[in-house]
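**Student:** Need a 3D model of the following:
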Amino acid sequence: MNRFVRVCAAADIPVDRSRPAFAEGRLVALFKVDGEVFALDDSCPHAGSSLAAGRFDGATVTCRAHGMRFDVRTGRMPGIDGLRATTYPVRVLDGEVLVGTDSGGASPPLEAAASADMAPEACSGAVQCVKE
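**Tutor:** Prediction:
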């Protein structure tokens, strides 16, 4: 079962780029696609670069380190099976974004280095609390 924590207001997520946030110590990248919010682990599964710092276009984020592309809705690389970014379930309640942090609902975790590209200060607007 997932434990959902508040990470930000939905209005704080731009439509043309990612918004980094902390969810119980995990750095996640939040994206909006057609008004729906999606969350990926901020660390690229290939080499650990920040996905929040990548180029976001439509529903695809491109890792700035090696150009790998991931569909933010599924975590999958378009047209390729195998390597994928870890996804987290998202709920939007009363304009607040809640991210599920229990790996039971997330895609299988992949071994990747922690993102050193994104300073914690970049997420200073993110808060963490439990909403039940």
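**Student:** where's the longest strand seen in the chain relative to the chain centroid, distance-wise?
**Tutor:** Determined from DSSP state E, the single longest strand within the chain is strand 26-33. Strand 26-33 sits 3 Å away from the centroid of its parent chain (CA atoms, centre = their mean, to the nearest Å).
**Student:** now for the next helix or strand after that strand, which elements pack on it?
**Tutor:** If you walk from strand 26-33 toward the C-terminus, the next helix or strand you reach (DSSP states H and E) is strand 36-41. Here strand 36-41 touches strand 26-33, strand 87-88, strand 90-93, going by 3 or more CB pairs under 8 Å, 6 or more residues apart in numbering; DSSP states H and E. C-beta: built from backbone N, CA, C; applies to glycine.
**Student:** In strand 36-41, which residues are buried?
**Tutor:** 37, 38, 39, 40, 41 (16 or more other CB atoms under 10 Å).
**Student:** Let me see the ranges of the strands in the protein.
**Tutor:** 4-9, 19-23, 26-33, 36-41, 55-57, 60-62, 69-71, 76-77, 80-84, 87-88, 90-93, 96-100, 129-130.
**Student:** Now render the ones you listed as TSV, adding distance to residue 48.
**Tutor:** As requested, the strands of the chain are arranged in TSV below (distance: least, CB to CB, whole Å):
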stretch	distance to residue 48
strand 4-9	21
strand 19-23	14
strand 26-33	11
strand 36-41	10
strand 55-57	17
strand 60-62	15
strand 69-71	14
strand 76-77	16
strand 80-84	13
strand 87-88	17
strand 90-93	23
strand 96-100	20
strand 129-130	28
